[in-house]
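In: Generate a structure from the sequence data that follows.
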Amino acid sequence: MGVARHESDMDMRIEFPDLKGKEKKTLFIIGNGFDLYHGIPSQYRHFRSWLEGNRHEDFVDEMEDIFPKLNECKKGLWNNFENALQDYDLECLYKTLHTENHDQWTPDIWKQTAERLEMTTGEIRPLMKEWAKSIDIKKICSDSNLMLREESLYLTFNYTKILEEFYHIPNGRICHIHGSIDDNDVITGHIRWQRPDDYRAQKDEKEVVCRECLRVLNKLNKDTEKQINKHRDFFTLIKDVTCVVVLGHSMGGIDMAYFREVLNRVRQECHWHFSKHDVEDDKMIQQFIKSSQENCSKNKIQTTNSWIFNF
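Out: Presented below is the predicted three-dimensional model:
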């Protein structure tokens, strides 16, 4: 399937003709590539480095011990952090957490073996918020300035407040779908929710431990429906949007529920501009467009109304 595209090595100061005069009807979907474009060290590898530099080495070790995929991608320095959280293996977790140091096992002792998991995973979001607050966005170079208008709408997945503090976008035009540094909590995690009671094992002990682990891991679930409902007023605003610009978001499967919500709410004739950073981004964009044409009950992204550009 061919997608009409305008690919350029220029920054976003290039003009999209279909945006002119329609700033109030334009929605920008902002991902981590937006922060990176502005020179912000906001990748998960930077999170790991910050942890080690702020005396949280034990947390790093625990995470890499509990979630083997983090250990596998250590050379990539946690770049697949959220995917690693959902790619857990209960058998491996049981072996990692289980100890044979009790003379007599009881259900309470079996449950306690998951406490290590709960203590570690319970630190993820508070530490991530602390890290995000430590990032100094005042160092943004003025050359990074993009053509963003305060009349447009912004759905951002970032915790930082570049839109508010650097571009002076009003709060009412911005939705931090996963929270910001000003919120009590920030959202990160996976979309692999499982019913603990469905887990079965030959040994009672193993069954109890793994069920407790699932209860803990389910707390890391990104409840996308809950977040959409929480920000229902913002999603109501996008009903008249005729242009969407996806800026710096890799469009991974974990956040697809939000993109489908946008797709179903914007105008049917909406124009879509997708930024890409590499070949993998291009694949995800193509998949989303194809999915919209095959599965979307309301709106479909037309080939003639979609473009891809380098960012």
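
In: What are the buried residues along the longest helix that the chain contains?
Out: If you go by DSSP state H, the chain has its longest helix at helix 279-295. By neighbour count on 16 or more other Cβ atoms under 10 Å, the buried set for helix 279-295 is D281, D282, M284, I285, Q286, F288, I289, S291, S292. To be clear about C-beta, it is placed using only N, CA and C from the backbone, and glycine gets the same treatment.

In: what do you get for stretch 41-58?
Out: Per 16+ other Cβ under 10 Å, stretch 41-58 contains these buried residues: S42, Q43, Y44, H46, F47, R48, S49, W50, L51, H56.

In: Could you export those residues as CSV, including distance to E205, pLDDT and secondary structure?
Out: Shown next, in CSV, are the buried residues of stretch 41-58 (distance: Cβ to Cβ, whole Å; pLDDT from 0 to 100; DSSP: H, G, I helix; E, B strand; the rest coil):
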residue, distance to E205, pLDDT, secondary structure
S42, 42, 91, coil
Q43, 40, 90, coil
Y44, 35, 89, helix
H46, 40, 92, helix
F47, 35, 93, helix
R48, 34, 91, helix
S49, 39, 92, helix
W50, 38, 95, helix
L51, 33, 95, helix
H56, 32, 95, coil
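
In: which one among the residues you listed gets closest to K222?
Out: Comparing the buried residues of stretch 41-58 against K222 with Cβ to Cβ picks out Y44 as the nearest, at 15.2 Å.

In: do you know how far the closest one is from N80?
Out: As defined by Cβ to Cβ, to the nearest Å, Y44 lies at a distance of 8 Å from N80.

In: now swap in R173 and tell me
Out: As judged by Cβ to Cβ, R173 and N80 stand 32 Å apart.

In: and the two? which has more neighbours close in?
Out: Higher neighbour count among R173 and N80: R173, with 19 against 16, using other Cβ atoms under 10 Å.

In: hang on, the more buried one packs against E150?
Out: Yes: between R173 and E150 there is a contact under Cβ atoms under 8 Å: 6.6 Å.

In: what ranges do the helices span in the stretch 51-200 of the chain?
Out: 57-66, 68-72, 81-86, 90-97, 107-112, 115-121, 124-134, 162-165 (DSSP state H, counting those that start in this stretch).

In: Give me whichever of these is most buried.
Out: helix 81-86 (a mean of 20; mean count of other Cβ atoms under 10 Å).

In: that older thread, name every strand pairing with the helix or strand following the longest helix of the chain and say which way it goes.
Out: The helix or strand immediately downstream of helix 279-295 is strand 306-310, counting by DSSP states H and E. Sheet partners assigned to strand 306-310 using DSSP bridges are listed as strand 271-276 (parallel).

In: roughly how far out does the strand it pairs with sit from the chain middle?
Out: 18 Å (Cα atoms, centre = their mean, to the nearest Å).
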